[in-house]
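Undergrad: Predicted structure and sequence below. I'll ask about it afterward.
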There are 2 protein chains.
Amino acid sequence: MAVYTEVPDEELSAFLATYDIGTVLSYKGIAEGVENTNYFLHTTGGTYILTLYEKRVREADLPFFLALMQHLARKGLNCPLPVGNRQGEPLGRLAGRPAAIITFLDGIAVRRPSAQHCAALGAALARLHLAGEDFPMARPNSLSLDAWAPLFAQAEAQADTVSDRLAERTRRELDHLAGAWPQGLPTGVIHADLFTDNVFFIGPEVSGLIDFYFACTDALAYDLAICLNAWCFETDGSFNLTKGRAMLAGYQSVRRLSPDEVEALPVLCRGSAMRFMLTRLVDWLNVPPGALVKPKDPLEYDRKLNFHKHVRHAREYGLDA
Amino acid sequence: MAVYTEVPDEELSAFLATYDIGTVLSYKGIAEGVENTNYFLHTTGGTYILTLYEKRVREADLPFFLALMQHLARKGLNCPLPVGNRQGEPLGRLAGRPAAIITFLDGIAVRRPSAQHCAALGAALARLHLAGEDFPMARPNSLSLDAWAPLFAQAEAQADTVSDRLAERTRRELDHLAGAWPQGLPTGVIHADLFTDNVFFIGPEVSGLIDFYFACTDALAYDLAICLNAWCFETDGSFNLTKGRAMLAGYQSVRRLSPDEVEALPVLCRGSAMRFMLTRLVDWLNVPPGALVKPKDPLEYDRKLNFHKHVRHAREYGLDA
């Protein structure tokens, strides 16, 4: 949570003059968003988020992310709508960084989701998958199977300093995943990072999905596996079956899983746990001195991965037979 | 700029239930405010700032600050209005800290004020002084003359590491100020910290004065001296007479300075420069390791102080004869 880039008043005014959203009434840096700098922006035309994209987002990917949000919002999904400037272009430059203005969404990110929240999230995820069906652009998932071995190579030598025998455990699991990774599953646009901080609720209803900066083209059920990992474990590491059941039922109330997706769910959960364990491990081992952002614990995902190793069938996540 | 205190969802809900401002639609930490933690809060009742008071604000002073804001807002001054809870009380506790909800004010803090901004600020300052005339509470200025020697004592031994002969310069100036400090000037509520980040503009008009957490009872002209220091110097250290003239004329268009205030203005400017030099110097010499907030340069105010030493009459700040 940080404001990485300060925007001089004159540059902001010049930037906003390229949009047709009225004059500025207020703007304030928001202490939110690890990857980018976000400003709350109130104009005579409405309320917006002004995002400056920092180094961790590849500039070449931004047209995909912004076009996707426009596509989904126009299909009625509650997600931020990138606003086009007077040339119709959603992407500009401000203070030396790529920048976009997106509509502000009300809602609150729940920190401890209930089963009801999980059900609503499941349904919203399925709506996202359906709304993305006819999105014409594609972006390979740069953090899937092929990325894991190179990520692990960055961390392998020091892995055991984080947890006893983590290196060996991870090596074996990567071997297993390489052999067992499913092919040919229904594919489309996935969010790929739908953690609780990226989902807004008003009361029990999902009011918004945000932060599409990991979105890509991949197996739809993999997105569900990411959400099972992110939403259905308790802080003590136990899997909450009631929440899993709620999420899966919510999802299937909108989009029915195919038999091969059901079969693949346990290995997708293992792979998703591996992906977050590895990126967290690399970050954990490379905290710059004086970092403002506390790195997330990789072992949380090592423990989740261990849980999934013992799952034989999606029923164990709460899927109705 | 930081969010020092994280507020758990349940505690926020319980806190808001003590107010009659509707249900929460959104809240976001704002990367603004060095002293306190601020959340932007959107409810079905309106938009607000939720402030959690951190350690640098004395809890015993909060009733004064909040009552003052209520008084000023009700007199029509553009300043945040603390919202009373269902018991009519503007001060509560949240996440272990004193907390208040105040109305959100639109407007933008200008970083490089123009003469027009200075004129508007001068008039707004005078309106604040008039609106405070019948405010019944009092709070001595804890950062005025009597505080400077003890502040300097904290920094004296290391002062010369910051600037050559700073200790000697400051000692002499403190002696001078002790003898020359004016008595019996018109007194009332002053803001005492009206830097550019505490003044919002919409276009050329002042839309809000914020951050009353240094407000106190002191000579009104001292507030004007603080503003001359904060608004009318260029980044190269030069005094901008056009801005000074604009500010003083703006002030006098609402409240005429008395002859003794005019006469005291140079020494009040010296004292005000001393006050900010000293607090900055103490902060500068006591930056905790890993601090998120970069300390402000004390020498900026040492240079301003040096300018004021050569001023003989308020005309030199641009006051009309």
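TA: Good, I have the coordinates. Nothing here was measured: the structure is a model prediction, and the numbers come from that model.
Undergrad: any idea how far the residue of the stretch 101-250 of chain A found nearest chain B is from B:V83?
TA: Residue of the stretch 101-250 of chain A nearest chain B, by C-beta to the nearest C-beta: A:D106 (4.0 Å). Backbone N, C-alpha and C define where each C-beta goes, glycine included. In this view, A:D106 and B:V83 are 20 Å apart by C-beta to C-beta, to the nearest Å.
Undergrad: same deal with A:R56?
TA: Distance from A:R56 to B:V83, by C-beta to C-beta: 39 Å.
Undergrad: Shouldn't A:L265 be within a helix?
TA: Yes. Under DSSP: H, G, I helix; E, B strand; the rest coil, A:L265 falls within a helix.
Undergrad: Next secondary structure element downstream of the lowest-mean-pLDDT helix or strand in chain A?
TA: Every helix and strand of chain A was ranked by mean pLDDT, DSSP states H and E. The lowest is helix A:9-16, at a mean of 88. Next helix or strand after helix A:9-16 toward the C-terminus (DSSP states H and E): strand A:24-30.
Undergrad: I'd like to know which elements that next one is packed against.
TA: Judged by 3 or more C-beta pairs under 8 Å, 6 or more residues apart in numbering or on different chains; DSSP states H and E, the packing partners of strand A:24-30 are helix A:9-16, strand A:37-43, strand B:24-30.
Undergrad: Export only the CA atoms of the second one, formatted as PDB.
TA: This means strand A:37-43. In PDB, the C-alpha atoms belonging to strand A:37-43 read as follows (Å, rounded to 0.1, in the frame of the first residue of the first chain):
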ATOM      1  CA  THR A  37      -0.200   4.100  -7.600                       C
ATOM      2  CA  ASN A  38      -3.900   4.900  -7.200                       C
ATOM      3  CA  TYR A  39      -5.600   8.200  -6.800                       C
ATOM      4  CA  PHE A  40      -9.200   8.800  -5.800                       C
ATOM      5  CA  LEU A  41     -10.500  11.400  -8.300                       C
ATOM      6  CA  HIS A  42     -13.600  13.400  -8.000                       C
ATOM      7  CA  THR A  43     -14.600  15.600 -10.900                       C
END
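Undergrad: need the next SSE after it, C-terminal direction.
TA: Strand A:37-43 is succeeded, C-terminally, by strand A:46-52 (DSSP H and E).
Undergrad: and chain A, which residues reach chain B?
TA: Contact residues, chain A versus chain B (C-beta under 8 Å from any C-beta of the partner chain): A:1-3, A:8-9, A:23-32, A:40, A:42, A:104-108, A:110-112, A:200, A:202-203, A:290, A:292.
Undergrad: Derive a ChimeraX selection command for the buried subset of those.
TA: A single ChimeraX command selects the buried members of these (16 or more other C-beta atoms under 10 Å in any protein chain shown):
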select /A:1,2,3,24,25,26,27,28,29,30,31,32,40,42,104,105,106,107,108,110,200,202
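Undergrad: low-scoring stretches of chain A, by residue?
TA: The model of chain A has pLDDT under 70 over residues A:1-4, A:33-34, A:290-293, A:321.
Undergrad: What residue spans form the domains of it?
TA: A:9-103, A:115-317 (automatic domain parsing).
Undergrad: Would you format these as CSV with distance to B:D160 included?
TA: Below are those laid out as CSV (distance: least, C-beta to C-beta, whole Å):
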stretch, distance to B:D160
domain A:9-103, 37
domain A:115-317, 28
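Undergrad: Quick check: closest non-adjacent residue to A:L299.
TA: Nearest residue to A:L299, sequence neighbours excluded (C-beta to C-beta, 6 or more residues apart in numbering or on different chains): A:S163, at 5.5 Å.
Undergrad: For A:D134, give its distance to A:Q154.
TA: The separation that A:D134 has from A:Q154, given C-beta to C-beta, amounts to 38 Å.
Undergrad: Not counting stretch A:252-265 itself, show me its contacts.
TA: Applying C-beta atoms under 8 Å, 6 or more residues apart in numbering or on different chains, the contact partners of stretch A:252-265 are A:122-123, A:126-127, A:129-130, A:182, A:184-186, A:219-221, A:224-225, A:248, A:251, A:314, A:317, A:319-320.
Undergrad: let's go with 7 Å and repeat that
TA: Stretch A:252-265 has contacts (C-beta atoms under 7 Å, 6 or more residues apart in numbering or on different chains) with A:123, A:126-127, A:129-130, A:182, A:185-186, A:221, A:225, A:314, A:317, A:319.
Undergrad: Which residue ranges of chain A form strands?
TA: In order along the chain, chain A carries the following strands (DSSP state E): A:24-30, A:37-43, A:46-52, A:92-94, A:97-103, A:187-190, A:199-202, A:205-209, A:216-219.
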